[in-house]
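>>> Quick one, what's the 3D model for this:
(one chain, ligands or ions: 1)
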Amino acid sequence: MILGVLEHLEPKKVFKYFDEICKIPHGSYHCKAISDFCVQFAKERGLFVLQDEYYNVIIKKEASPSHAGKTPLILQGHLDMVCQKEQGCTIDLQKDGLKLQVDDDYISAEGTTLGGDDGIAIAYCLAILDDDLIEHPPLEVVFTTEEEVGMEGAAGLDTSILNGKHLINIDSEEEGILLSACAGGTTIKVEIPLEYEQRQEHMWEISISGLQGGHSGTEIDKNHGNAHKMMGEILSSVSNLTIHRLWGAKDQKDNAIPYECHCRIAVRDIKEFEKQLDILEKRWKEQYKESEPDFYIERKDLGIGTESFLTAKSKDALIIFLSKVNDGIYTMSQDIEGLVESSSNLGILTMDEEKAVFSFGVRSSVPSFKEEIAGKIEKLAKETGGIYIRKNDYPAWEYRENSMLREMFLKAYREIYRTDMKVEAIHAGLECGIFASKIDDIDIVSFGPDIFDIHTVQERMSIASVKRTWELLLKIIEEFP
Ligand SMILES: [Zn+2]
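Numbers count the residues shown, from 1 in each chain. Purely as a prediction, here's the structure:
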C-alpha cells in the first residue's frame, strides 16, 4: 500500500484508513463508493456486514475472547462529507481524491474541505475492526449517509438488527467536550396569497444590509439581527404605505439567520416615514452595538411610476404576519446553563405575483415547545389567510439523568488527562436524536477530536487531538462492561 503525507503519523492504522477514505470521493448523495469500500473491508475480514438502500453500512464484530459475554457496544459516524472548494481549485470532488497536506499539528486538504467531519469516525472504526489485539465487547459499527443534508441515512436505517443499548457517536468537533443532548426541529413554510392593483406612485427602495447572519442553531443566541424581522418592523411603523415587492438575500436558507432584506414601497408621508426609519435605525445601532458593527439601512428614491402594488388587504396580511410572527430564542434551558432550549428562525422570505412565502427553522430540545412554536405560527398563518405547511421533522435527543456511558467517559478522561471533560448539549440537530427515537432506552454520548472550520475550505484536524481521542476511545472500549 502506498501511503501519502500521513505515513509517519500516529496512530498509524487510524491515519492509514483516513488516507484511504480521502482517496474515495464521498460528498453527500455520492456515498455508494465509500459504502462499498466499507462492505468490501468487512467481507475481507470475515465480519458480518449489511448495506441498505441508503448505502448505510452495519458491521458487526464478535467480542475479543477476554470480553466474551459482554453487552454489545454501538460505534457510529457518517460516511458523507460537505464538499467545498476554493475558487480556481481544479479538483473534481465527485471524481478525484483529496490532496492531503500536513502543516505542523494540522491535516488539511489543498483547496477543499477535508471531511475530517466525519471521516475520522470511519477511520477510527475501521482501525478498531482491523485490529485483533484490541480488547473489546461485541461491536456494532454503524456508518450512515447524507447526515449533512438532513440525516436521511439515519432516518431510513432499520435499527432492529442492532442489539446494543449503548451508542458512541463520533461526530463532535471539540476535544474535551462530551455532548449529551441535542435539539429536535422542523421546517415550517407559510404561503400568503396576494392581490395587486396598478397604481401611479412615488416609489422608494429600502435595504437592510451588512448583518452578520449565522447558523440558526448554534448562533441564535449571538444577538444577531434578523433582516426579515427588522424589515417587518419598518413596514409596520407607519400606516400610509403600499408595497410593491419584498425580498431576502439570494442564498437565504431556513437554517441561516438572514443578513439582508429589501423592499420597494410607496408612502403617503415620506417625512414621517423617514422619521420613523431614523428612530428604528438609532435603536438598532444601540441594541446591536457589539454584535452587528457593519449593519446599515439604505434608502433610494426610484421616482414616480406606474407599478403593481398590493391591495390594502394583502398588504395588511403581509405586514401583520411578518411583524408578529415568533423569531429568535423562545426558551432557555433550566437544566443546562446557557443552552438555548427552543427557537425559531424566519430564514426565507420571497414574494411574487401570487404569494409571499415565509420559511422557518424551528428547534427545541423539548418536544412540547417545538409544538408550541409551530402552533403559534400556524395560528397567525390562519389569521392572515395563509397556508401552513410543515415538513422535515427530526427528533430531539433528550438529556438522560442516568447515563453509564457518560460516567465512563468522565472517569476515563479524568484518569488520563487529570482534568474534567465538559458535558454539553447543543441547539442543533444530531443523528443521536434519530437513534434515541428509534431504539428504546438507548444510552448515547457524542465526542470527537478537534476539527476547526468544518464545512469550509479551511477545515483542519489536529493530529495530536486525533491521537488523544483514540486513546480515550480505546480505554472506553476495553473497560466497557
Ligand atoms: Zn458531521
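
>>> what residues does this structure put near the ion?
117, 118, 171 (Cβ under 5 Å from the ion). Glycine gets a C-beta too; all of them are placed from N, C-alpha and C.

>>> Run through the residues that contact the first one.
The neighbourhood of residue 117, defined by Cβ atoms under 8 Å, 6 or more residues apart in numbering, consists of 81, 82, 171, 173, 451, 454, 455, 459.

>>> ok, which pair from these is furthest apart?
Put simply, by Cβ to Cβ the two of the contacts of residue 117 set farthest apart are 171 and 459, 14.2 Å from each other.

>>> These two - which one has more neighbours?
Per other Cβ atoms under 10 Å, whichever of residue 171 and residue 459 has more neighbours is residue 459, with 24 against 20.

>>> Surely the more buried one touches residue 109?
Yes - the pair residue 459 and residue 109 qualifies as a contact (Cβ atoms under 8 Å) at a distance of 7.4 Å.

>>> which residue of this structure sits farthest from its center?
Distance from the centre of the chain peaks at residue 200, with 45.7 Å (Cα atoms, centre = their mean).

>>> which residue packs closest to it, ignoring adjacent ones?
Here the nearest residue to residue 200 in space, its sequence neighbours aside, is residue 306; by Cβ to Cβ, 6 or more residues apart in numbering that works out to 4.7 Å.

>>> Can you tell me the element the residue farthest from the centre of the chain falls in?
strand 196-209 (DSSP states H and E).

>>> Outside of that strand itself, list whatever touches it.
Taking Cβ under 8 Å, 6+ apart as the rule, strand 196-209 contacts 225, 227, 230-231, 234, 242, 244, 259-267, 270, 277, 295-311, 314, 353.

>>> now stretch 216-227
183, 185, 208-209, 211-214, 248-249, 254-261, 284, 287-288, 290-292, 295, 327-329, 338, 340, 343, 345-347, 361, 363, 426-429.

>>> could I get stretch 454-470 in CSV with only the CA atoms?
Extracted as CSV, the C-alpha positions of stretch 454-470 are listed here (Å, rounded to 0.1, in the frame of the first residue of the first chain):
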residue,chain,number,x,y,z
ILE,A,454,-15.6,22.4,9.3
HIS,A,455,-17.7,22.7,6.1
THR,A,456,-15.2,25.3,4.8
VAL,A,457,-12.0,25.0,2.7
GLN,A,458,-10.1,26.0,5.8
GLU,A,459,-11.1,22.8,7.6
ARG,A,460,-8.2,21.3,9.5
MET,A,461,-7.9,18.5,12.1
SER,A,462,-5.4,18.3,14.9
ILE,A,463,-3.1,15.3,14.8
ALA,A,464,-2.4,15.3,18.5
SER,A,465,-6.1,15.5,19.3
VAL,A,466,-6.8,12.6,17.0
LYS,A,467,-4.3,10.6,19.0
ARG,A,468,-5.6,11.5,22.4
THR,A,469,-9.2,10.9,21.3
TRP,A,470,-8.2,7.5,20.0
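
>>> Centre of the chain to that stretch, how far?
18 Å (Cα atoms, centre = their mean, to the nearest Å).

>>> Going by neighbour count, which residues in it are buried?
Residues of stretch 454-470 classed as buried under the neighbour-count rule (16 or more other Cβ atoms under 10 Å) are 454, 457, 459-463, 465-470.

>>> same check, this time on stretch 272-286
For stretch 272-286, using 16+ other Cβ under 10 Å, the buried residues are 273, 276, 277, 280, 281, 284.

>>> Over in the stretch 351-481 of the chain, which residue gets nearest the ion? Let me know.
residue 454 (7.3 Å; Cβ to the ion).

>>> ok, back up a step: strands - which of the residues of the chain next to the ion land there?
Counting by DSSP state E, no part of these is found in strands.

>>> I'd like those laid out as a markdown table, including distance to residue 132 and pLDDT.
Shown next, in a markdown table, are those (distance: Cβ to Cβ, whole Å; pLDDT from 0 to 100):
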| residue | distance to residue 132 | pLDDT |
| --- | --- | --- |
| 117 | 29 | 95 |
| 118 | 25 | 96 |
| 171 | 27 | 96 |
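
>>> Looking at those, which are in helices?
Cross-referencing the residues of the chain next to the ion against helices under DSSP state H gives 117, 118.

>>> can I assume residue 434 sits in a strand?
No - counting by DSSP: H, G, I helix; E, B strand; the rest coil, residue 434 falls outside a strand, being helix.

>>> Pretty sure residue 164 sits against residue 73.
Yes - using Cβ under 8 Å, residue 164 is in contact with residue 73, at 5.7 Å.

>>> what sits in contact with each of these two?
With Cβ under 8 Å, 6+ apart as the test, residue 164 and residue 73 both reach 138, 140.

>>> Just give the number of residues close to residue 101.
Per other Cβ under 10 Å, the neighbour tally for residue 101 reads 16.

>>> swap in residue 438?
Quick note: residue 438 (other Cβ under 10 Å) scores 16 neighbours.

>>> show me the contacts for the closest residue to it other than its chain neighbours.
Of all residues not flanking residue 438 in the chain, residue 159 sits nearest, at 4.6 Å (Cβ to Cβ, 6+ apart). Neighbour list for residue 159: 435, 438, 439 [criterion: Cβ under 8 Å, 6+ apart].

>>> what's around residue 384, how many residues?
Neighbours of residue 384 (other Cβ under 10 Å): 20.

>>> Next, it: phi, psi?
phi -110, psi 20 (degrees, to the nearest 10).

>>> which residues touch residue 260?
Per Cβ under 8 Å, 6+ apart, neighbours of residue 260: 207, 208, 209, 210, 211, 227, 248, 249.

>>> what pairs with the first one across the strands?
As for beta bridges, residue 207 partners with residue 262, residue 298 under DSSP bridges.

>>> For it, give its distance to the ion.
35 Å (Cβ to the ion, to the nearest Å).

>>> Do you know the pLDDT at that residue?
Residue 207 is assigned 97 on the pLDDT scale.

>>> can you check the fourth one too?
Among the per-residue scores, residue 210 shows a pLDDT of 94.

>>> Could you find the closest non-adjacent residue to it?
residue 294 (4.0 Å).

>>> I'd assumed residue 310 was in contact with residue 243.
Yes - counting by Cβ under 8 Å, residue 310 is a contact partner of residue 243 at 4.8 Å.

>>> Of the two, give the one with the bigger neighbour count.
Of the pair residue 243 and residue 310, residue 310 is the one with more neighbours under other Cβ under 10 Å, namely 25 against 20.

>>> now the helices for the chain?
12-23, 32-44, 116-129, 152-156, 227-236, 270-287, 312-324, 367-383, 404-417, 431-438, 463-479.

>>> before we move on, back to that, what distance do you get for the residue nearest to residue 210 to the ion?
30 Å.

>>> is it true that that residue touches residue 213?
No - applying Cβ under 8 Å as the test, residue 294 and residue 213 come out as separate, 11.0 Å apart.

>>> so what sits against both of residue 459 and residue 109?
residue 115.

>>> dump the residue contacts of residue 67.
With Cβ under 8 Å, 6+ apart, residue 67 has these contacts: 135, 136, 137, 138, 480.

>>> Pick out whichever of residue 294 and residue 213 has more residues nearby.
Using other Cβ under 10 Å as the criterion, residue 294 and residue 213 rank with residue 213 on top: 20 against 9.

>>> Excluding sequence neighbours, find me the nearest residue to that one.
Closest to residue 213 by Cβ to Cβ, 6+ apart is residue 259, at 3.5 Å.
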